[in-house]
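>>> Structure, please.
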Amino acid sequence: ANRVEMARIWWAYTQSILVAHFGPCPMKEAGSGNATVAYDTEEEIYTEILDMLKNAAAALDPSGDSYYDDPLFDGDVNKWIKFANTLRLKLALRASEAWPALASAHGQEVMANEDGLIASNDEEAFLQFGTTVDDWSNFYDQIIYENRAENVPCMNHMFMLFMKTYKDPRVESFAEPAIRPFVITEDLADAEGSATMVSVSYTIDYLGAPVANGSPDMDEWGLQGADKPFQGFGDDNYSQWNQANYMQPDLNSTILSASQSKFCQAEAALKGWGGSKSAQAYYEEGIDLSFSKWGYAADATAYKAQDGIAWGTSASGDRNFDGTGSSAISDDGLEKIAVQRWLSDFPWGFDTWCMQRRT
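Next up, the predicted model:
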C-alpha cells in the first residue's frame with residue numbers, strides 16, 4: 001500500500017514538471033499505449049496532482065510496508081509524507097495566480113499541519129548519481145571524464161553580482177576562483193594628502209560571465225573595440241561551477257530542499273494561508289538552513305543583518321557590467337523571498353524559473 005502511494009507522489013512530481021514546462025499536456029490518458037491521447041488543461045492537471053499529493057500523504061502509514069531500494073529516502077515513509085506535503089505547498093503557490101481558490105484551499109490545509117513539512121537538511125529530497133560509467137552524472141561524464149572543456153559551465157554574471165554585493169560566503173561552495181583572474185591596476189596616493197602615487201593591483205577571483213554557458217558575445221550590444229565590457233575575456237577569466245560539489249561522478253541532484261520548504265512557508269504566510277510563525281521568521285529560517293547546508297552557519301547572522309537582506313530593509317546594490325541591471329533588493333517581502341530561493345536553489349534553476357514567471 002505504501003509503495004503505491006510513493007509511486008503516486010513521484011508521478012505527481014513528474015507531471016508537475018511537464019505541466020510547468022509545456023502547459024496543457026496528456027495526463028489521464030498518458031501511458032495508455034494509444035497512438036492518440038487527449039490533452040488535459042493546466043487547471044485539470046493541477047487540481048488532480050494537488051489532490052493526489054493530499055491523499056497520498058494521508059494514506060502513507062509509517063508502520064506499514066516500505067521500499068528498501070528507495071533511491072530518495074531509503075525506505076523512510078515519514079520522509080515521503082513530508083515530501084508530499086512540501087511539494088503540495090510548492091505547487092499550490094505555483095498555481096496561486098491562476099486559480100487562487102484552489103491554491104488557497106490546499107495551501108491553508110498544509111500550513112495548518114506544518115509539522116508535516118520538510119524542516120531540516122537531512123529531510124530534503126535528492127537523487128544521487130553513481131560512481132560507474134553507467135550511472136555517473138552527465139557533468140562528470142562530459143567535463144571531467146571526456147575532458148570537454150567547452151562544456152564547463154561558467155557562473156552567471158547577475159548571480160555572482162548578488163554574491164559579491166552581499167558578501168555571500170556560499171560563493172566558495174558554488175564557484176571556483178577564475179583560472180586566470182582579471183587584474184585591476186590603479187594608481188593611488190600613498191597617504192592622505194600625498195602627491196606620491198603608488199600602483200596597486202588586485203585580482204577579481206570570482207567573476208560571472210554575462211552569458212551563463214561560456215564566453216559572452218557582446219556584438220549584439222553594438223559596442224566596438226575597447227568599449228566592449230570584458231574585452232578579450234575567455235572562460236578562464238570567469239568562475240566555473242565548484243568542482244568538488246558539482247563535478248563529481250556521484251553528484252547529489254536536489255529535488256526539494258529544506259531551505260526551499262521554508263521559503264515556501266514564508267510566501268504562504270505572506271498570502272495569509274496560516275502558519276505558526278511570521279513570514280519573516282520562515283524567511284530567516286530558510287537562509288539559516290541554506291548556510292548550514294554548505295557549512296556557513298556561523299556566517300548567517302551577519303549576512304541577515306545587511307540592508308536588503310534584513311526583513312523590511314532595502315539596498316540599492318551594485319550595477320551589472322553594462323549598467324542595465326543591479327543587485328538591488330527592495331523592502332518587499334515577496335521579492336526578498338524570491339531572491340533567496342533563487343540563490344539557495346543553485347544550480348537547480350527550474351523552480352526559480354517557474355517562480356520568476358509567476359511573480
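
>>> Where does the prediction get shaky in the stretch 151-300 of the chain?
For the stretch 151-300 of the chain, the stretches with pLDDT under 70 are 211-229, 231.

>>> Tell me where the stretch 251-359 of the chain has helices.
258-270, 279-293, 300-304, 333-344, 350-358 (DSSP state H, counting those that start in this stretch).

>>> could those helices be laid out in a markdown table, adding mean neighbour count?
For glycine as for every other residue, the C-beta is placed from the backbone atoms N, C-alpha and C. A markdown table is the format used below for the helices of the stretch 251-359 of the chain (neighbours: other Cβ atoms under 10 Å):
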| stretch | mean neighbour count |
| --- | --- |
| helix 258-270 | 27 |
| helix 279-293 | 21 |
| helix 300-304 | 15 |
| helix 333-344 | 20 |
| helix 350-358 | 16 |
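
>>> So which of these is nearest Met197?
helix 300-304 (34.9 Å; Cβ to Cβ).

>>> quick one: contacts of that closest one?
Applying Cβ atoms under 8 Å, 6 or more residues apart in numbering, the external contacts of helix 300-304 come out as Tyr166, Lys167, Asp168, Pro169, Glu284, Ile287, Asp288, Phe291, Ser292, Ile309, Ala310.

>>> let's go with 6 Å and repeat that
Under the contact criterion Cβ atoms under 6 Å, 6 or more residues apart in numbering, helix 300-304 has outside partners Glu284, Ile287, Asp288, Phe291.

>>> Same check on stretch 32-46?
Val19, Gly23, Pro24, Pro26, Met27, Lys28, Glu29, Ala95, Trp99.

>>> Pick the one among these closest to Gln142.
Val19 (29.4 Å).

>>> What is the burial count for that closest one?
22 (other Cβ atoms under 10 Å).

>>> returning to what we had before: which of the helices of the stretch 251-359 of the chain sits closest to Gly116?
helix 258-270 (10.9 Å).

>>> what angle sits between the closest one and helix 279-293?
For helix 258-270 against helix 279-293, the angle by axes from the mean of the first three to the mean of the last three Cα atoms, to 10 degrees is 180 degrees.

>>> How far away from the center of its chain is helix 258-270?
Relative to its chain's centre, helix 258-270 lies at 13 Å (Cα atoms, centre = their mean, to the nearest Å).

>>> Work out for me the element Ala58 sits within.
helix 42-59 (DSSP states H and E).

>>> so how far is that helix from its chain's centroid?
Helix 42-59 has its C-alpha centroid displaced from the chain centroid by 24 Å (Cα atoms, centre = their mean).

>>> Name the residues of it that are buried.
For helix 42-59, burial by neighbour count (16 or more other Cβ atoms under 10 Å) applies to Glu42, Ile45, Tyr46, Thr47, Ile49, Leu50, Met52, Leu53, Lys54, Ala56, Ala57.

>>> Could you measure from the first one over to Cys25?
So that's Glu42. 9 Å (Cβ to Cβ, to the nearest Å).

>>> same question, the second one
Using Cβ to Cβ, one gets 7 Å for the distance from Ile45 to Cys25.

>>> List the residues that contact the closest residue to Glu5 other than its chain neighbours.
The shortest distance from Glu5 to any non-neighbouring residue, by Cβ to Cβ, 6 or more residues apart in numbering, is to Ala56 (4.2 Å). With contacts defined as Cβ under 6 Å, 6+ apart, the neighbours of Ala56 are Glu5, Arg8, Ile9, Ala84.

>>> With Gly208 instead?
Gly208 makes contacts with Met155, Asn156, His157, Phe159, Met160, as judged by Cβ under 6 Å, 6+ apart.

>>> for Ser290, same thing?
Contacts of Ser290 were listed using Cβ under 6 Å, 6+ apart, and they are Ser259, Ser344.

>>> Show me which residues of the lengthiest helix in the chain are buried.
The single longest helix within the chain, with elements called by DSSP state H, is helix 2-22. Within helix 2-22, the residues that qualify as buried are 2-3, 5-6, 8-9, 11-13, 15-16, 19-20, counting by 16+ other Cβ under 10 Å.

>>> Tell me the one among those nearest to Phe129.
In terms of Cβ to Cβ, no member of the buried residues of helix 2-22 lies closer to Phe129 than Tyr13, at 18.2 Å.

>>> Just give the nearest non-adjacent residue to that closest one, would you?
Nearest residue to Tyr13 in three dimensions, chain neighbours excluded: Leu87, at 6.1 Å (Cβ to Cβ, 6+ apart).

>>> gap between the one you found and Asn113?
From Leu87 over to Asn113 the distance is 14 Å, taken as Cβ to Cβ.

>>> okay, the contacts of stretch 32-46 in CSV with pLDDT next?
What follows is those, written out as CSV (pLDDT from 0 to 100):
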residue, pLDDT
Val19, 97
Gly23, 96
Pro24, 97
Pro26, 95
Met27, 94
Lys28, 92
Glu29, 93
Ala95, 97
Trp99, 97
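
>>> Now the buried members of these.
Neighbour-count burial (16+ other Cβ under 10 Å) applied to the contacts of stretch 32-46 gives Val19, Pro26, Met27, Ala95, Trp99.

>>> Now, these that are in helices?
Val19.

>>> by how many degrees do the helix holding Ala58 and helix 2-22 diverge?
Going by the same axes, to 10 degrees, helix 42-59 makes 160 degrees with helix 2-22.

>>> first to last residue in stretch 106-125, what's the distance?
Start-to-end span of stretch 106-125 (Cα to Cα, to the nearest Å) is 21 Å.

>>> in it, what's buried?
Under the neighbour-count criterion of 16+ other Cβ under 10 Å, stretch 106-125 has 106-111, 114, 116-119, 123-125 buried.

>>> I appreciate the help and will end here.
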